[in-house]
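1. Provided below are the primary sequence and the corresponding predicted coordinates.
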Amino acid sequence: MKVWIDLFSGDEMTSDSYKHRLIHQDACLEVDAKYITVGGAEDIDIGAGNAFGGGEEDDAGGDDGGETAINIVHAHKLQEASLSKKDTMAMLKAYLKRVVGLLKENGKEERVPGFKAGATEMIKFIMEKFDEMQIFSGENYDMEAGLAFSYTKDGEENPVFLFFNDGLKEEKF
């Protein structure tokens with residue numbers, strides 16, 4: 001299994017347990033999430049069943065007394081943040097500078113133009129849909145590290161998460 005870790009906080013953000021793809025010139029890791037029921041009969045093994053989308057047939061709360069959660073948020077202990085559009089934009093600008101600095105430090109100067117272009121596309125998309133977005137940080141709630149953005153695509157019932165791919169490192173377990 002692959003897990004993506006935030007380069008700045010060291011927090012686990014997502015894994016390959018979920019359908020994912022790179023978009024916006026590979027600057028964005030887009031991950032499909034599902035609603036699950038936790039704390040009830042379906043919540044047997046957080047690390048296995050629910051991390052892979054178990055319990056998706058349950059509705060809000062279900063008959064087992066469980067609580068509805070998003071599988072990625074639950075499995076990776078993401079923390080929801082409440083930020084204004086202005087504060088989000090300021091944080092993203094600072095974060096992108098950190099990522100560009102890290103790319104240069106690690107000898108990946110050739111990736112910087114693609115990252116900047118793709119990250120600009122991603123930010124434009126996030127800001128256009130800001131009122132529909134939920135914002136999450138990693139488990140340690142480090143707001144200077146990478147953020148995850150979640151929204152529901154038109155016609156879909158489950159959320160999609162957006163991560164800055166260049167701000168993550170992939171580890172195999």
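-> Now that the structure is in, tell me what you want to look at.

2. Quick check: which helices or strands does the longest helix along the chain pack against?
-> If you go by DSSP state H, the chain has its longest helix at helix 85-105. Judged by 3 or more Cβ pairs under 8 Å, 6 or more residues apart in numbering; DSSP states H and E, helix 85-105 is in contact with helix 112-128, strand 160-164. Any C-beta I mention is one placed from the backbone N, CA and C, and that applies to glycine too.

3. Give me the sheet partners of the following helix or strand past the last one and which way each runs.
-> Think strand 160-164. Using DSSP states H and E, the helix or strand that follows strand 160-164 in sequence is strand 168-172. Strand pairing for strand 168-172, using DSSP bridges, gives strand 2-6 (antiparallel).

4. now the partner strand, how far from the centre of its chain.
-> 11 Å (Cα atoms, centre = their mean, to the nearest Å).

5. what's the next secondary structure element after that strand?
-> Sequence order places strand 12-15 as the next helix or strand after strand 2-6, per DSSP H and E.

6. what's next to that next one, contact-wise?
-> With Cβ atoms under 8 Å, 6 or more residues apart in numbering as the test, strand 12-15 has contacts from 1-6, 20, 29, 31, 51, 72, 75-78, 138-139, 146, 148, 161, 163, 168.

7. Does Ala75 lie in a helix or a strand, and which?
-> helix 71-76.

8. So for that helix, mean pLDDT?
-> For helix 71-76, the mean per-residue pLDDT is 97.

9. which residues does Val99 contact?
-> Taking Cβ under 8 Å, 6+ apart, one finds 7, 115, 119, 164, 166-167 in contact with Val99.

10. Oops, could you answer that again for Lys77 instead?
-> Listed by Cβ under 8 Å, 6+ apart, the contact partners of Lys77 are 12, 138-139.

11. To Val38, which of the helices and strands packed on helix 85-105 lies closest?
-> strand 160-164 (17.6 Å; Cβ to Cβ).

12. pLDDT below threshold where in this protein?
-> Along the chain, the parts satisfying pLDDT under 70 run over 40-64.

13. Parallel or antiparallel, which strands does the host helix or strand of Arg21 pair with?
-> Remark: Arg21 resides in strand 20-23, with elements defined by DSSP H and E. The strands beside strand 20-23 in its sheet (DSSP bridges) come out as strand 28-32 (antiparallel).

14. one step back: any chance of the contacts of Val99 in a markdown table, with neighbour count and distance to Ile126 too?
-> Listed next are the contacts of Val99 as a markdown table, based on neighbours: other Cβ atoms under 10 Å; distance: Cβ to Cβ, whole Å:
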| residue | neighbour count | distance to Ile126 |
| --- | --- | --- |
| Leu7 | 18 | 20 |
| Phe115 | 22 | 16 |
| Ala119 | 23 | 10 |
| Phe164 | 26 | 10 |
| Asp166 | 25 | 16 |
| Gly167 | 26 | 14 |
